[in-house]
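J.: sequence and predicted structure are below.
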Amino acid sequence: MTKRVLLAKPRGYCAGVDRAVVTVEKALETYGAPVYVRKEIVHNKHVVETLTERGAIFVDEADEVPEGALVVFSAHGVSPAVHDQAAARQLRTIDATCPLVTKVHQEAKRFARDDYDILLIGHEGHEEVEGTAGEAPEHVQLVDTAEDAANVTVRDPSKVVWLSQTTLSVDETMVRVNQLKSRFPELQNPPSDDICYATQNRQVAVKAMAPECDLVLVVGSQNSSNSKRLVEVALQAGARASYLVDYAREVDETWLDGVVTVGVTSGASVPDILVMDLLSWLADRGFADVQEVTTANEKVSFALPRELRKALKDNDLLGSVR
Ligand code: SF4
């Protein structure tokens with residue numbers, strides 16, 4: 001049988017990641033290095049290393065940024081406490097929070113104002129979850145595991161809503177929601193999908209190709225939630241094996257033993273150059289036949305953060321924005 005590669009589409013960069021990365025690039029061009037970035041701008045090793053080489057300095061907290069300096073907030077969003085911290089240090093800020101994360105923040109604020117208990121389905125310790133929960137810490141409880149769903153308590157079971165992290169597995173989230181609904185039958189759904197279009201589309205594409213694959217390779221970093229979910233979805237959808245790699249060089253050649261069809265995809269924070277590197281690595285090992293499996297064509301794009309647009313306009317650079 002001919003060895004082949006099935007290449008998922010959509011894969012890689014989503015609109016929120018593209019916007020966040022361009023934000024740091026444009027901030028470096030406009031203001032010069034260094035530009036501080038709180039947390040990894042997006043969860044991808046290659047992106048962080050490349051921006052570091054260009055003069056970005058990644059820090060964990062705003063209090064590590066020198067007073068008065070410029071700091072960019074990452075695509076995952078920040079809580080109001082972080083904005084306060086930045087204001088107290090007189091930092092100049094550019095907020096690269098993805099608009100789809102901001103949408104979940106708005107939902108959290110709205111339901112908190114109406115005095116709901118909010119059950120936030122997400123992964124403990126993930127930056128996005130910390131940012132969303134920080135909008136209404138008194139009202140939000142994190143539901144990560146099945147155990148959390150079994151044990152969480154609410155004040156009034158008729159006034160409870162679930163929201164979620166944007167990058168979860170769609171199927172697993174519904175398992176958690178059903179578990180919660182069996183305990184709280186009046187549990188309300190979010191006003192619109194919190195799991196974003198990019199996460200959903202990449203999972204649908206993987207599901208379409210996985211049953212035909214002996215192996216699915218997902219390009220992405222270990223701390224990237226949506227990338228990790230792609231490995232899980234591939235396995236659940238029938239791939240015999242699936243692994244997450246940052247770079248082609250991390251692929252263990254023994255994974256290819258007896259393999260005829262390799263599926264390839266990448267997380268929403270992954271530049272396509274890394275996928276192209278993997279394809280040429282595979283071609284060198286006899287997997288030169290590449291067929292794209294397309295389940296959607298994405299046309300979403302987001303305007304750059306307001307603060308940056310203004311600076312670019314003042315400098316007459318807006319025309320050069322991708
Ligand atoms: S994965 Fe979704 S929520 Fe996250 S940055 Fe991309 S579009 Fe925004």
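T.: Cool, got the structure.

J.: where does S301 sit: helix, strand or coil?
T.: In three-state terms, and counting by DSSP: H, G, I helix; E, B strand; the rest coil, S301 is coil.

J.: just give me the neighbour total for it.
T.: Residue neighbour count, defined by other CB atoms under 10 Å, stands at 11 for S301. The way it works is simple: take the backbone N, C-alpha and C, and place the C-beta from them, glycine included.

J.: now it: closest residue in space that isn't a chain neighbour?
T.: Using CB to CB, 6 or more residues apart in numbering and skipping residues adjacent in sequence, the residue nearest S301 is A15, 5.1 Å away.

J.: and P211, what does it touch?
T.: Taking CB atoms under 8 Å, 6 or more residues apart in numbering as the criterion, P211 is in contact with 237-239.

J.: host element of the residue of the stretch 1-150 of the chain found nearest the ligand?
T.: Per CB to the nearest ligand atom, G16 is where the stretch 1-150 of the chain lies closest to the ligand, at 2.5 Å. Secondary structure assigned from DSSP states H and E places G16 in helix 15-31.

J.: shouldn't G134 be in contact with H83?
T.: No: in this structure G134 lies outside contact range of H83 using CB atoms under 8 Å: 9.8 Å.

J.: around the ligand, which positions in the chain sit nearby?
T.: Contact residues, the chain versus the ligand (CB under 6 Å from any ligand atom): 14-17, 75, 98, 100-101, 166-167, 196, 198-199, 226, 268.

J.: how close does the residue of the stretch 201-322 of the chain at minimum distance from the ligand get to T93?
T.: Taking CB to the nearest ligand atom as the measure, the point where the stretch 201-322 of the chain comes nearest the ligand is A268, at 4.0 Å. Here the criterion is CB to CB, to the nearest Å. By it, A268 lies 24 Å from T93.

J.: cool, H139 as well?
T.: Shown here: H139 relative to T93, a distance of 26 Å by CB to CB.

J.: which one of A268 and T93 has more residues nearby?
T.: Between A268 and T93, A268 has the larger neighbour count (other CB under 10 Å), namely 31 against 20.

J.: list the contacts of the closest residue to that one other than its chain neighbours.
T.: Using CB to CB, 6+ apart and skipping residues adjacent in sequence, the residue nearest A268 is C14, 4.0 Å away. Under the criterion of CB under 8 Å, 6+ apart, the contact list for C14 reads 196-199, 268-269, 298, 300.
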